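Undergrad: structure for this input, please:
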Amino acid sequence: MQDDMEKWEREDGVTFLRKIGIRPGHKVLDFGARVGHYSIPAARIVEDEGLIYAVDKEHDSLVELERKARLLGLRNVKLIENSGEMTLDLEDELIDVVLLYDVLHYFKKDERERLYDEVHRILKADGLISVYPKHVLEDVPLNEFKNLYLEDVKQEIQNSDFIFKEKHCGPMSHDNNLNHGCVFDFKKSPKKRP
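TA: Modelled structure (predicted):
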């Protein structure tokens with residue numbers, strides 16, 4: 001299991017995140033980064049010219065992420081500890097890609113809507129939001145997603161001024177293991193509704 005996750009962070013995760021659109025020089029926000037199973041491969045892709053903002057409320061997870069990044073010589077990961085707030089102390093239109101992987105099911109609908117508004121604010125005009133909507137009715141229903149289908153989550157994000165772009169499926173990290181999953185990519189709508 002540990003070898004699988006190390007290979008994911010070193011190779012497979014890099015391949016997967018390139019497929020969704022992360023490029024050298026990008027600024028990426030990993031919301032709910034935990035120990036960095038997406039932050040680490042993203043940091044490899046964006047190289048020294050890019051930056052990963054790894055946001056999490058779990059101090060110990062961020063400590064582990066920092067330890068791994070240091071051991072790998074990755075100096076482009078900025079840790080942001082918060083208590084699950086929907087607002088971030090980042091400037092408008094700073095971020096190229098936002099990863100919301102396996103986190104949305106923790107938040108009530110109004111909290112998710114506030115998060116989508118914040119993501120819209122910090123994304124560049126051509127920015128991308130990539131969502132791994134785990135724990136919906138089709139996939140081990142849990143918490144706030146226990147009564148939602150994948151299509152419901154997709155529609156919710158589109159209703160928050162994002163335009164569906166494409167879906168990517170394959171092996172993905174989930175709770176320190178690999179499983180088959182799918183992410184939905186959305187582009188920022190050019191105009192935010194009032």
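Undergrad: how near is the residue nearest to the spatial centre of the chain to residue 148?
TA: The residue lying closest to the centre of the chain (CA atoms, centre = their mean) is residue 99, at 1.7 Å. The gap separating residue 99 from residue 148 is 20 Å, by CB to CB, to the nearest Å. C-beta here means a position set from N, CA and C on the backbone, and glycine is covered the same way.
Undergrad: quick revisit: list the contacts of the residue nearest to the centre of the chain.
TA: For residue 99, the contact set (CB atoms under 8 Å, 6 or more residues apart in numbering) comprises 28-31, 38, 42, 130, 132.
Undergrad: redo that, cut-off 7 Å
TA: 28-31, 38, 130 (CB atoms under 7 Å, 6 or more residues apart in numbering).
Undergrad: which of the residues you listed sits closest to residue 8?
TA: residue 38 (9.4 Å; CB to CB).
Undergrad: re the thing from before, just the ones of the contacts of residue 99 in strands?
TA: 28-31, 130 (DSSP state E).
Undergrad: follow-up on the earlier one: so how do I select the buried members of the contacts of residue 99 in ChimeraX?
TA: A single ChimeraX command selects the buried members of these (16 or more other CB atoms under 10 Å):
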select :28,29,30,31,38,130
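Undergrad: just the contacts of residue 99 now: which is nearest residue 10?
TA: residue 38 (13.1 Å).
Undergrad: from what I see, residue 127 and residue 186 are in contact.
TA: No: assessed by CB atoms under 7 Å, residue 127 is found out of contact with residue 186, at 9.5 Å.
Undergrad: after the lowest-mean-pLDDT helix or strand in the chain, which helix or strand is next?
TA: In the chain, the helix or strand scored least confidently by mean pLDDT, DSSP states H and E is helix 2-7, which has a mean of 87. Counting by DSSP states H and E, the element after helix 2-7 in chain order, helix or strand, is helix 13-20.
Undergrad: buried ones in that following helix?
TA: Applying 16+ other CB under 10 Å to helix 13-20 flags 13-14, 16-17, 20 as buried.
Undergrad: sorry, back to before: now the residue nearest to the centre of the chain. Nearest residue, chain neighbours left out?
TA: residue 30 (4.7 Å; CB to CB, 6 or more residues apart in numbering).
Undergrad: residue contacts, the one you found?
TA: 38-39, 42, 52-55, 99.
Undergrad: now do 6 Å
TA: 38-39, 54, 99 (CB atoms under 6 Å, 6 or more residues apart in numbering).
Undergrad: which strand residues bridge it?
TA: Beta-bridge pairing of residue 30 under DSSP bridges involves residue 54, residue 99.
Undergrad: against residue 156, how distant is it?
TA: 21 Å.
Undergrad: do the same with residue 10
TA: For residue 10 relative to residue 156 (CB to CB), the value is 34 Å.
Undergrad: quick one: which of the two has more around it?
TA: For residue 10 versus residue 156, the count of surrounding residues by other CB atoms under 10 Å is larger for residue 156: 18 against 13.
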